[in-house]
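# Just to be clear, the model below is a prediction. Sequence and coordinates:
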Amino acid sequence: MSKAIRIHAHGGPETLRYEEVDPGRPGAGEVLIRHTAIGLNFIDVYYRTGLYPAPNGLPLIPGAEAAGVVEEAGPGIDWLRPGDRVAYAAATGAYAEKRVIAADRLVKVPDGIGDEQAAAMMLKGMTAEYLLRRTFSVKEGDTILCHAAAGGVGLILGQWAKHLGAVTIGTAGSPGKVELAKAHGFDHVIDYRKQDFVAEVAAITGGRKCDVVYDSIGKDTFPGSLDCLRPRGMFVSFGQSSGPILPFDIGLLSRKGSLFATRPTLFTYNAGRADLEQSAAALFDVVLSGAVEISINQRYALADAGKAHADLENRLTTGATILVP
């Protein structure tokens, strides 16, 4: 037996229970891993509240990313052995001391990257990768806007976009978060609690506006995000921390400049093994090169996952947060 966080009913952070759970034995194509560090992400909140349906119903072990050590490999696995360091991003199941997982969802962690780093960057870092390289291919001279610039994805995306040669604009909700984002690749950071981000973007760009907007906020920043785009710019909605965007007339996109809009997910972009390997390799390379620094700004015991969720939802966290089993 091992310990895990489970939810038996959707609701607030109080629904997260620290319980004994049998992780089971690995079957064909699976491995048993012992987690050494677990990442915290807003998608975990979506599953806890029921905004996203639990893949296999309740009870549910939430958690989308983690790093650990292989303890046992099931039949048919010849590329992973006990003792190998691995990491992953998956929909659920990470809030546990041990788990069985499909081996094809794992990547080996290279030397030079610690377990806590890996756990803090797999979902957030590969999200930044597909947003910057595949959803909208950012190139030198492009101007981007990223909301929640001081969040886990934001701090990685800002550095990576700057590395690609983009002009980087972010939004954040306090003076401290503004300074943190500026220290992680953002040329301009707008305090949305004090400033109108639409007007500020227009002023920063001399009226040209942005080539792409990356929006993980949702309801509170829509349709303002559209007003930050140049004609034929792209609106990328990849989260909804303030609530989902309400249905809207698609004609709004034409009226605001023949805009493009997409709602991508990491799990679609990395559904295939080749895509997963390429995404992880690009992430590891940019971190090992020093172009992107992974900032772990909060640590909680796994048993205190409820406190971590409450702090995340109340916007008390910055950068990456990990849970320690």
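Yep, it's here.

# From now on I want contacts and neighbour counts done on CA atoms only, so please keep to that.
Will do.

# Just give the number of residues close to R6.
Residues lying near R6 (other Cα atoms under 10 Å) number 23.

# That one touches G63, doesn't it?
No: counting by Cα atoms under 8 Å, R6 stays clear of G63, with 10.0 Å between them.

# Please identify every residue contacting each of those two.
Listed as contacting both R6 and G63 by Cα atoms under 8 Å, 6 or more residues apart in numbering are Y95.

# right, and the helix or strand after the helix or strand containing L145?
Take DSSP states H and E as the rule and L145 turns out to sit in strand 143-146. As assigned by DSSP H and E, the chain's next helix or strand after strand 143-146 is helix 152-163.

# Quick one: residues in contact with that following helix.
The list of residues contacting helix 152-163 from outside it, by Cα under 8 Å, 6+ apart, reads 41, 124-125, 127-129, 132, 138, 146-149, 167-168, 170, 181, 184-186, 286, 291-295, 318-321.

# ok, of these, which come out buried?
Listed as buried from the contacts of helix 152-163 are 41, 124-125, 127-129, 132, 138, 146-149, 167-168, 170, 181, 184-186, 286, 292-295, 318-321; burial here means 16 or more other Cα atoms under 10 Å.

# Among the residues you listed, which ones are in helices?
The members of these that map onto helices under DSSP state H are 124-125, 127-129, 181, 286.

# what's the closest of the residues you listed to G239?
Top of the list for closeness to G239, among these and by Cα to Cα, is T127 at 11.0 Å.

# confidence score at that closest one?
The predicted structure scores T127 at 97 on the pLDDT scale.

# State the distance from the residue nearest to it when sequence neighbours are not counted to P244.
With Cα to Cα, 6 or more residues apart in numbering as the measure, L266 is the residue that lies nearest to T127, at 5.8 Å, once sequence neighbours are left out. According to Cα to Cα, to the nearest Å, L266 and P244 sit 18 Å apart.

# between those two, which one's more packed in?
A side-by-side neighbour count of L266 and P244, using other Cα under 10 Å, places L266 first with 20 against 16.

# who's in contact with the more buried one?
Contacts of L266 were listed using Cα under 8 Å, 6+ apart, and they are 123, 126-127, 130.

# Looking at these, which two lie furthest apart in space?
Across the contacts of L266 (Cα to Cα), the longest gap, 10.7 Å, separates L123 and Y130.

# of these two, who's got more company?
Under the criterion of other Cα under 10 Å, the comparison of L123 against Y130 puts L123 first, with 28 against 20.

# Could you double-check that the more buried one sits in contact with A91?
No: at 9.6 Å, L123 does not count as touching A91 under the criterion of Cα under 8 Å.

# shared neighbours of those two, anything?
Contact criterion Cα under 8 Å, 6+ apart; residues shared by L123 and A91: A64.

# Can you name the residues that contact the residue nearest to the spatial centre of the chain?
Most central residue of the chain, judged by C-alpha distance to the mean C-alpha position with Cα atoms, centre = their mean, is K124 at 3.1 Å. Listed by Cα under 8 Å, 6+ apart, the contact partners of K124 are 152-153, 156.

# between those residues, which is closest to A271?
Here the nearest of the contacts of K124 to A271, counting by Cα to Cα, is V153; it sits at 19.7 Å.

# Can you give me the neighbour number for that closest one?
Neighbourhood size, V153 [other Cα under 10 Å]: 24.

# Ok, L131 next?
21.

# any idea where the helices of the chain begin and end?
Ranges of helices in the chain, per DSSP H, are 42-49, 115-130, 152-163, 175-182, 197-204, 251-255, 266-269, 273-288, 305-313.
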